[in-house]
Structures are given as structure tokens and as C-alpha cells.
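Participant: Sequence first, then the predicted structure, then my questions.
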Amino acid sequence: MPLPLDITLERRSFIQSNGDIDDYIALILENTSPEHVDIPENCTLTFPLTDCKSEARTVWDSATNDTIQEWIATTEYGTYIIRAALNGYVPANEVRIIGLHAIRRKRAEVLSSEATFNDPIGYLSMGPLDPQRVEVRATVIFPKTDPCRALSAEAALQKTSRTATWRFTPTEDSPEQIRANLRLSDLPAAPRRLDDAIAEAHQILALDSIGRPPNTTQLRCDITEALKADPELRGKTLQPLTEINSANQTDRHRLLSDLIDTLHNIRTELSRTHINIHAADDDVTGMAQEVFHNINTEIQNHAVRTKPPEELWDSLLNLLDFASTHRQASFPELNADAKEEKFQDELEKFVRARTRNKGVIREPEAGNGRIDLLLRNTPVELKVQDLKGRPYETLEMHTQQAAEYASRRNQSVAALLVLDTHNYPQGANHQPHLRDQVRVFAVTSRQGAVPPKQGIDGASTTIVVAIALTAYSPEPSSLRKTVPRRRRTNQS
């Protein structure tokens, strides 16, 4: 006769960068009756971990607050199986948790711009535990790929840019399939930080299921950063964490589960006000990813200790999207006769339309100067100038000014946009690809000064992203028509 228990199986699958899956399974046995429920003798739980090379690490029991000694791992019919003995009882009106930790090798496919997870939930054999009373909650957690990510997960009930959760009842004949795919996208920073907090809460729950003490330091940091604009909401959200360390495991599980639901609700509200109206094209998103990677590389190479602007990813997308749109002749006013003010007008209008007027400031003061445009914390310097057919060298001349504005705002990254008014000869070659019109400069403070202008701890380096736009776009019909030379053949 099945035991009168409510049973939940929570499975958290953490995808690693090499494609391995760090799997945590918590079998939660809840006894809502006023009497103890005894576990019959020789009761064995069977956990199938699908048909891939796996490695069992531990099986843990909350009843003893220790590992279960009687468990084995084996392969049967091509499936990796873990069996564990279950003894004792489930106390009245309490919960007993059996936790399992295993590594599954190369189960996911992780590429530079995409990660894919496709996995069946195997049928759980629980002897006297009635499978019909089991609810499965399966969550997949993707690695933190900063800054751009979007997750698609079929039939998931809860979803962020890093996590997806499904709920279902397992059946013996047809194992449930869970599928998730992570790819490049333009997600604003506020939801991103909440998504990191949700993923971290899942990590704490996973470790707690195998008896690891909770460490909420990173979770507190993620929530604080995500909600720093709303101190009251931040305080309410952080409150449950003050009870975590003193709570028993059952209460910890409840507190953390409720916190995850709260963070999902907050994220829904944030997304309504922060998600851009316009989504960048895939090629623009790909370019932004490359530029962002180059920025981080320069920051590491030059040991830059000042953090980049929090909204840098959003700013990069908007600026590159503007440059891409300009190449389609969408701004006829930005020609060789355009003035800097007009350049400023068009960029400001473009960015405001994509950010719902949030965080766009025109000409804020910066000491004894003014920044042309400030995108939240990213200063943008604009120039209309003839680059003399040597855009690289001429662009570099203006990087110090952009870097100065970033330094005055205690930021390590600035942007420089130049509308190149150079009139290239008619019939010349086609214009360069947009990727070749973007350059990341590492600018040293007062570069070239004698003696060099250094801080107390040495010279500083600021990263400047320079983008060149062409005012004279060649008409395709005017380009030189070239005909391959006919190869001479020797006459004998």
C-alpha cells in the first residue's frame, strides 16, 4: 500500500562551460498527518540519470543530517542508475529530504554564442512511494554569460535569461523531455542582475539539499545591485535572508523557494518598464558581443580597477544599432554638411526611442566641460570631422577627450562617434564593413605628456570605443567597374 506522503522531486541541473551538468536532486517527503509514517524494510530509491557518462558524488539524508552509506551507482541498459536505501520514518507534520549530487558528462552543448540543453527526466522508482503523488520540478540553470543572453524553453512555467523551471508528473511509459536554448540577445541590465540572483538562490537550495551550509553573500550582492533604485523593495526582499542561517532545513527550503517566486514577480514588473521597445538585429548583437569582449580584454590587460558603466551593454547595442541604421541611409540629414548639433539631435532621438527616454541626458556638465550625450553612466563624445582618409590615426586624436569625460565620472569606458565628412573620390572602392569601422582603444592618462600625468598609484587607463560613420556614402552605380585581365597564352 502506498505511503501517505506528499512527494516533490526537485532537480536542478547546472550547465557548465564545458558541457557537463552539475546535477542536484532533492526528494522531498512531506508528512501532513499527526502520526509518524514508517518506511518499510528494504525500501530502495532508484534515480536514473539518462544515457550519458556520469559520476555520482553523494547521497544525503536530512533525517540523519549525513550521507547515506548504502547507495550504489551502476549502468543498466545504457542508463546510469543510482540506488539508495531508505530507512526509518518521516516525522509527523514534518519533511524529510533525500539529496543527491552527480556530474553528468558532456550532456549540454555550449558554444561561444549559444548553449543547448535537451534532457529526458527518467522515471523514478520509489517502491512504496506512490508515483502518482509525485510532482517533479525540474530547473535548468545556464552559466553566467555577461552581458547578453536570452533563453527559450518550451512549456517552462518560470523563465529568466539563465533559468527555466518545469512542473509535471512523471510517467513510466513516456519520460518528460525538457529543452532549453540560450543565445545572444539584448537584455537590459536590471533584469539581468535579478536573473543572477534567481540563479544564485537555486544554487543555495541545491547545496542545502546535500547538507552544505548556506552562504548568502553573493545572493545579497545580486539583490542589492538589482534593486538599489528602490530601497524599500530591496529591504523587504533581503529580509528573509536574515532568517536563513538560524532556520532548520525545512524552513530554509521554504524561505528560499518563496524568495525565488518573489524575485520572479519583481522581474515581471521590471521587464514591463525596462525591456527596450526595439530589439537589435542579430548581426548588431553579435558585433556588440565582440566589442564587449574586446573591452573586457583591454580592462584585464591594463589591470583597470575602475568598473565599466553598469549599462555599458545597453549603450553598446544602441550605438552600434544607430551606426547600422545610418548605413541604410536612414538619416539623410547626416551628410557632409551636417553640424555636430544635428548629429547630436539624431542620436539622442534614436536612443530615446529605444530606451523609453530612460537614462538619456544631453550635455551634462563634467567639470569645466560638457559631455555631448550621457547614456546612463556611459559618456558619448560626438565629432563631425574630415578623417582625411586615415580614420584610424585621426580617430585616435580624439580619444583623450572621451576618456577625460569617463574619468571625471569615475567610469572606465567611454564611446566616441565620429561622422566622417571626407569626400572619397567617385569611383573609389566600396565602404568598409561596419565591423571594420569600430575600434577599441586603451587610452593612458595624459598619454605623451612629459612628465606623464599619473595618479598616486600610477597612470590610469580608460577604454574608448570609437565608431566611424561615413557622411559620403558611395552610390553603388558610381563604383569603378573592374574586369579581370585576360590571361595571355603563349603562341607557339
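Facilitator: Done, it's in. All values reported here derive from a predicted model rather than from experimental measurement.

Participant: quick one: average confidence on whatever helix or strand residue 180 lives in?
Facilitator: Under the criterion of DSSP states H and E, residue 180 resides in strand 176-183. Mean pLDDT, strand 176-183: 67.

Participant: after that strand, next one along is what?
Facilitator: Counting by DSSP H and E, what follows strand 176-183 is helix 189-208.

Participant: And that following helix, what does it pack against?
Facilitator: Helix 189-208 sits against strand 6-15, strand 21-30, strand 134-141, strand 163-168, helix 217-226, helix 249-274, with contacts defined as 3 or more CB pairs under 8 Å, 6 or more residues apart in numbering; DSSP states H and E. Bear in mind the C-beta positions are built from the backbone N, C-alpha and C, glycine included.

Participant: Check which helices and strands the last one is in contact with.
Facilitator: In this structure, helix 249-274 makes packing contacts with strand 95-104, helix 189-208, helix 231-238, judged by 3+ CB pairs under 8 Å, 6+ apart.

Participant: List the buried residues in it.
Facilitator: For helix 249-274, burial by neighbour count (16 or more other CB atoms under 10 Å) applies to 249, 252-253, 255-256, 259-260, 262-264, 266-267, 270, 274.

Participant: domain ranges for this structure?
Facilitator: Domain segmentation of the chain under automatic domain parsing yields 1-186, 188-275, 282-475.

Participant: related to what we said a few turns ago, between the helices and strands packed on helix 249-274, which one is nearest to residue 345?
Facilitator: Among those, helix 189-208 comes nearest to residue 345, with 26.3 Å by CB to CB.

Participant: Report the mean confidence score over that closest one.
Facilitator: Predicted confidence along helix 189-208 averages 89 (mean pLDDT).

Participant: can you give me how far it is from the chain middle?
Facilitator: Distance, stretch centre to chain centre, for helix 189-208: 11 Å (CA atoms, centre = their mean, to the nearest Å).

Participant: For that helix, C-alpha coordinates in PDB please.
Facilitator: Output in PDB follows, covering the C-alpha atoms of helix 189-208 (Å, rounded to 0.1, in the frame of the first residue of the first chain):
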ATOM      1  CA  ALA A 189      20.900  45.300 -17.000                       C
ATOM      2  CA  ALA A 190      18.200  45.500 -14.400                       C
ATOM      3  CA  PRO A 191      16.500  42.100 -15.300                       C
ATOM      4  CA  ARG A 192      20.000  40.600 -15.800                       C
ATOM      5  CA  ARG A 193      21.000  41.200 -12.200                       C
ATOM      6  CA  LEU A 194      17.700  39.800 -10.900                       C
ATOM      7  CA  ASP A 195      18.300  36.700 -13.100                       C
ATOM      8  CA  ASP A 196      21.700  36.200 -11.500                       C
ATOM      9  CA  ALA A 197      20.000  36.500  -8.000                       C
ATOM     10  CA  ILE A 198      17.400  33.800  -9.000                       C
ATOM     11  CA  ALA A 199      20.200  31.500 -10.300                       C
ATOM     12  CA  GLU A 200      22.200  32.100  -7.100                       C
ATOM     13  CA  ALA A 201      19.100  31.200  -4.900                       C
ATOM     14  CA  HIS A 202      18.800  27.900  -6.900                       C
ATOM     15  CA  GLN A 203      22.500  27.200  -6.200                       C
ATOM     16  CA  ILE A 204      21.900  27.700  -2.400                       C
ATOM     17  CA  LEU A 205      18.900  25.400  -2.500                       C
ATOM     18  CA  ALA A 206      20.800  22.800  -4.400                       C
ATOM     19  CA  LEU A 207      23.800  22.800  -2.000                       C
ATOM     20  CA  ASP A 208      21.400  22.800   1.000                       C
END
